[in-house]
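Student: following is a predicted model, sequence given first.
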Amino acid sequence: MTASTTIVIFGASGDLSKRKLIPALFNLFRKGRLPEKFNILGFSSSDLDHQAFRERIQAGLRQFAEYKFAQEEWESFAVHLYYISGSFTQREDYDRLSGVLTGLENGPANRLFYLATPPRFFSVIPASLRAAGLLEEDHGWRRVIIEKPFGTDLSSAQNLNRELHRVLDESQIYRIDHYLGKETVQNILTFRFANSLYGPLWNRNYIDHVQITVAEEVDVGSRATYYDGVGALRDMFQNHLLQLLSLIAMEPPASFNAHDLREEKVKVLRAVRPISLEKVAYAAVRGQYRGYLEVTGVSPNSKTETFAALRLFIDNLRWQGVPFFLRSGKALAEKITEIVIQFKAPPGTMFAEAAGARYHPNLLSFCLQPDEGFHQRFEVKVPNTAAERRSVEMKFHYQEAFGSSLIPEAYERLLLDALKGDASLYTRADRAELAWELLEPVLAAWEAPDGPPLHIYEPGSWGPRAASSTSWSVSS
Ligand code: BG6
């Protein structure tokens, strides 16, 4: 008898399920990529029955799915959806869950538990699942996906890892970072390692610096209760930006399996030069957009940064001396996630420069969103001039090459990988801790009463001027 697969979503009545998880699962179903026999069981505290849950999901799909909603497809998907209400902390509710699962599965089954809950339940739920016998792998695999944030600092991340490892093997734990599920983020590795053209240039001999920018146009909106006290460094750097840094800077892995890939990524973080507490003022800039303090839910004297920038160095043979500028903020001019590699300029003496003329170095920029693709800037001679130069661009756009409908939502790929048991796009325990370790001094300096200045920036701008790559202090 083939085992069926059950996806249990804790926090199923929440926003993440409605906006991301269920639309991703529905799309996988439409593409025929879910296992042949599957059930999706929602578990949360809202008092709903199966029918009310399905209606809620349907409304969410109509609002958030990025594909055309077809009633017929929905009806064949909806029969796989079930719901039970319960408390994440009550032992008897897990016994009830166990009964419902046995009834639904009616035989051997694999189970994927998705923790789309507030972080305070990240260790409680696995421990309760273990106590109720729901993590035994006698009749199928058991895996747990943990949402972000994974801890709020080094010691809380270490504690969480310890608690999880008490009841789960590391191979059963899938710490999610939705950036790794983005098609264009995965393309960084394809671009770097499938094109031998760039390989020889990818080092300190040819690269002047790298800029990684995740700019958001949205402000904190209605998320102030989560965001205030958390800030950009915890919300965006510990996970997304440092993941992008690893992908740009890592050595080629022996293979793309989870072990080899994650090992190389972790080595990058191990080689990042630690920022000492005294150097935070030179290596980091923080900002807050004007008007943040008036947002409902924000404490009136909040020092929470809505913008952060870091300058990092990777002290290994490949990158010694090359600065990596990482920036992210809210309420900025545009939504754009971009990585720009700036190459070194050739010796100026070769070209007779007009007074004041600037040489434009070659740039390679990856636009990860919203206009996915990349640009290569290079210099050409302007026709019919003695030696005038101009910068021009070679461009690749996903939309032109493949049509936008081929770019799936990040959660689709990640859910599918977890169902297949492929953890290569998930975060390993040691990586989560290393990333916190790196940020600890910055967090400490910014939380100190006499910490470095918090720059106020205008909403709709590009953030504090102090964070532009030309404004950094040379003292490292
Ligand atoms: C989330 C952060 O992880 O990523 C949000 O909590 C942020 O604050 C979001 O807005 C950005 O994701 P994306 O995919 O829109 O770039």
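Tutor: Cool, the structure landed.
Student: which residues of this structure lie near the ligand?
Tutor: Within the chain, the residues that sit near the ligand (Cβ under 6 Å from any ligand atom) are K148, E216, D235, T337. Where C-beta positions appear, they are placed from N, C-alpha and C, glycine not excepted.
Student: which residue packs closest to the second one, ignoring adjacent ones?
Tutor: Counting by Cβ to Cβ, 6 or more residues apart in numbering, the nearest residue to E216 once its immediate chain neighbours are dropped is K330, at 5.0 Å.
Student: so the one you found sits against T306, correct?
Tutor: Yes. Taking contacts as Cβ atoms under 8 Å, K330 lies within contact range of T306: 4.7 Å.
Student: which neighbours do those two have in common?
Tutor: D219, V220, A232, Y289 (Cβ atoms under 8 Å, 6 or more residues apart in numbering).
Student: and the residue nearest to P459 when sequence neighbours are not counted, how many residues sit next to it?
Tutor: Spatially, and ignoring its direct neighbours in sequence, P459 is nearest to A331 (4.0 Å; Cβ to Cβ, 6+ apart). Neighbourhood size, A331 [other Cβ atoms under 10 Å]: 25.
Student: residues in contact with A331?
Tutor: The contact partners of A331, by Cβ under 8 Å, 6+ apart, come to E216, E217, V218, D219, Y289, G291, Y292, T306, P459, G460.
Student: out of those residues, which end up buried?
Tutor: Buried members of the contacts of A331, counted by 16 or more other Cβ atoms under 10 Å: E216, D219, Y289, Y292, T306.
Student: how about those in CSV, adding secondary structure?
Tutor: Output for the buried ones among the contacts of A331, formatted as CSV (DSSP: H, G, I helix; E, B strand; the rest coil):
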residue, secondary structure
E216, coil
D219, coil
Y289, strand
Y292, helix
T306, coil
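Student: can you pick out the most distant pair from those?
Tutor: E216 and Y292 (13.4 Å; Cβ to Cβ).
Student: okay, how far is it across stretch 36-50, tip to tip?
Tutor: Start-to-end span of stretch 36-50 (Cα to Cα, to the nearest Å) is 21 Å.
Student: in it, what's buried?
Tutor: Buried, per 16+ other Cβ under 10 Å, within stretch 36-50: K37, F38, N39, I40, L41, G42, F43, S44, L48.
Student: and for stretch 78-89?
Tutor: Buried, per 16+ other Cβ under 10 Å, within stretch 78-89: A78, H80, L81, Y82, Y83, I84, S85, G86, F88.
Student: which helix or strand contains the residue of the stretch 301-450 of the chain found nearest the ligand?
Tutor: Going by Cβ to the nearest ligand atom, the ligand is nearest to T337 of the stretch 301-450 of the chain, at 5.8 Å. Assigned by DSSP states H and E, T337 belongs to strand 336-343.
Student: M1 is in contact with G107, isn't it?
Tutor: Yes. Between M1 and G107 there is a contact at 5.3 Å, judged by Cβ under 8 Å.
Student: these two: who's more crowded?
Tutor: Neighbours were counted for M1 and for G107 using other Cβ under 10 Å; G107 has more, 12 against 7.
Student: report the separation between that one and the ligand.
Tutor: Using Cβ to the nearest ligand atom, to the nearest Å, one obtains 38 Å as the distance from G107 to the ligand.
Student: for that residue, give me its contacts.
Tutor: M1, A3, S4.
Student: hmm, 10 Å instead?
Tutor: M1, T2, A3, S4, K37, H139, G140 (Cβ atoms under 10 Å, 6 or more residues apart in numbering).
Student: which one is the one residue in the chain that gets nearest to the ligand nearest to, not counting chain neighbours?
Tutor: Relative to the ligand, the nearest point of the chain is D235 (4.8 Å; Cβ to the nearest ligand atom). Nearest residue to D235 in three dimensions, chain neighbours excluded: Y227, at 6.7 Å (Cβ to Cβ, 6+ apart).
Student: burial count for Y206?
Tutor: By other Cβ under 10 Å, the residues close to Y206 number 14.
Student: ranges for the helices of the stretch 201-350 of the chain?
Tutor: Assigned by DSSP state H, counting those that start in this stretch, the stretch 201-350 of the chain shows helices spanning 224-227, 231-232, 242-249, 258-271, 280-283.
Student: include mean pLDDT when you put those into TSV, please.
Tutor: What follows is the helices of the stretch 201-350 of the chain, written out as TSV (pLDDT from 0 to 100):
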stretch	mean pLDDT
helix 224-227	93
helix 231-232	98
helix 242-249	98
helix 258-271	97
helix 280-283	94
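Student: looking at these, which is nearest to L434?
Tutor: Closest among these, once you apply Cβ to Cβ, is helix 258-271, at 4.4 Å.
Student: where does the chain have low pLDDT?
Tutor: Counting by pLDDT under 70, the chain contains low-confidence residues at 348-357, 404, 469-476.
Student: and the longest helix seen in it, what does it pack against?
Tutor: Ranked by number of residues, the top helix in the chain under DSSP state H is helix 429-447. Using 3 or more Cβ pairs under 10 Å, 6 or more residues apart in numbering; DSSP states H and E, the elements in contact with helix 429-447 are helix 154-167, strand 173-175, helix 231-232, helix 242-249, helix 258-271, helix 280-283, strand 284-289, strand 307-313.
Student: run a quick neighbour tally on the nearest residue to S405 once chain neighbours are set aside.
Tutor: Nearest in space to S405, with sequence neighbours left out and distances taken as Cβ to Cβ, 6+ apart, is Y67 at 7.7 Å. Burial measure for Y67: 14 neighbouring residues, criterion other Cβ under 10 Å.
Student: any idea which helix or strand carries Y67?
Tutor: Y67 belongs to no helix or strand, assigned by DSSP H and E.
Student: residues in contact with it?
Tutor: P23, F26, N27, R30, L61, E73, S405, P408, E409.
Student: now L134
Tutor: V8, Y94, D95, L97, S98, L101, R111, F113, P126, S128, R142.
Student: of those, grab the buried ones for ChimeraX.
Tutor: Filtering the contacts of L134 down to the buried ones (16+ other Cβ under 10 Å) takes a single ChimeraX command:
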select :8,94,95,97,101,111,113,126,128,142
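Student: R390 and W436: what is the separation?
Tutor: In this structure, R390 and W436 are 46 Å apart, going by Cβ to Cβ, to the nearest Å.
Student: who has more neighbours out of those two?
Tutor: W436 (22 against 11).
Student: that one - nearest residue in space that isn't next to it in sequence?
Tutor: Here the residue nearest W436, using Cβ to Cβ, 6+ apart, is L154, at 4.1 Å.
Student: do the same with I341
Tutor: The shortest distance from I341 to any non-neighbouring residue, by Cβ to Cβ, 6+ apart, is to L364 (4.4 Å).
Student: each with direction, which strands does the helix or strand harbouring that neighbour pair with?
Tutor: Using DSSP H and E, L364 sits in strand 363-369. Sheet pairing of strand 363-369 (DSSP bridges) gives strand 336-343 (antiparallel), strand 373-381 (antiparallel).
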